[in-house]
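**Q** below is the sequence, then the predicted model.
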Amino acid sequence: MKKVLFLSLFLAQGLALSAQLYVEGTMLNTTNTSAYLEATPLRRNDGTYHFKIDYGQKTSGTLSRSECLTDDKARRYEFRSTVDGLNFLYENGWEVSVVYNVEDIRRYLLKRR
C-alpha cells in the first residue's frame, strides 16, 4: 500500500512540474499543445538566453518578446546557455527530437515525453 501511495505522489509531482511552462500567458499543457513544440534560443547581449516557443499558436511571424518561455507571472526564464534551457525543458516533460538551422538560427523540435 505504501508503494502505491508513494508512486501516486511521485506521478502527481511530475504532473505539477510539467504544468509550469507558460508562453504569452498561456500555460502549456496537453489541451493546447500536441506532441511537439519548437524552441528557438535567443541570445541576449549579456550572454544569457531566452527561448522563443512555438507550440502552434498564432504569431506575428517575427521573434516576438511575447512568445518567450515564462513563468506564471509572465517573467521570462533566463538561462546560462542553450543546454541549460534544453535541460529545463526536459525536466518539464519535453525532449529534443530534431535539431535544425533556419537562416543561421538553430532551432529545436521537442517532443512530449
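**A** Good, I have the coordinates.

**Q** now the residue nearest in space to the middle of the chain: how far from Asp104?
**A** Most central in the chain under CA atoms, centre = their mean is Leu89, positioned 4.7 Å from the mean C-alpha point. Distance, Leu89 to Asp104, by CB to CB, to the nearest Å: 22 Å. From N, CA and C alone the C-beta is placed, and that goes for glycine too.

**Q** show me where pLDDT drops low in this protein?
**A** Scanning the chain for pLDDT under 70 picks out 1-19, 59-66.

**Q** strands along that one, start to end?
**A** Under the criterion DSSP state E, the chain contains strands at 22-23, 26-27, 36-43, 49-54, 69-70, 94-102, 105-112.

**Q** give the bridge partners for Leu37, please.
**A** Leu37 has these beta-bridge partners by DSSP bridges: Leu110.

**Q** what is the neighbour count of it?
**A** 23 (other CB atoms under 10 Å).

**Q** Gln20 contacts Asp71, doesn't it?
**A** Yes - using CB atoms under 8 Å, Gln20 is in contact with Asp71, at 7.0 Å.

**Q** out of the two, which sits in the more crowded spot?
**A** Neighbour tally, Gln20 and Asp71, criterion other CB under 10 Å: the higher count belongs to Gln20, 15 against 11.

**Q** residues contacting that one?
**A** The neighbours of Gln20, taking CB atoms under 8 Å, 6 or more residues apart in numbering as the test, are 27, 71-72, 92.

**Q** closest one of the residues you listed to Thr82?
**A** Asn92 (15.8 Å; CB to CB).

**Q** give me the number of residues near that closest one?
**A** Neighbourhood size, Asn92 [other CB under 10 Å]: 16.

**Q** against Val23, how distant is Asn32?
**A** Distance check for Asn32 against Val23: by CB to CB, it reads 9 Å.

**Q** which neighbours do the two have in common?
**A** Joint contacts of Asn32 and Val23 (CB under 8 Å, 6+ apart) are 55, 57.

**Q** between the two, which is the more surrounded one?
**A** Val23 (22 against 12).

**Q** let me see the contact set for the closest residue to Asn101 other than its chain neighbours.
**A** Nearest residue to Asn101, sequence neighbours excluded (CB to CB, 6 or more residues apart in numbering): Arg107, at 7.2 Å. With contact set as CB under 8 Å, 6+ apart, Arg107 has these partners: 38-40, 99-101.
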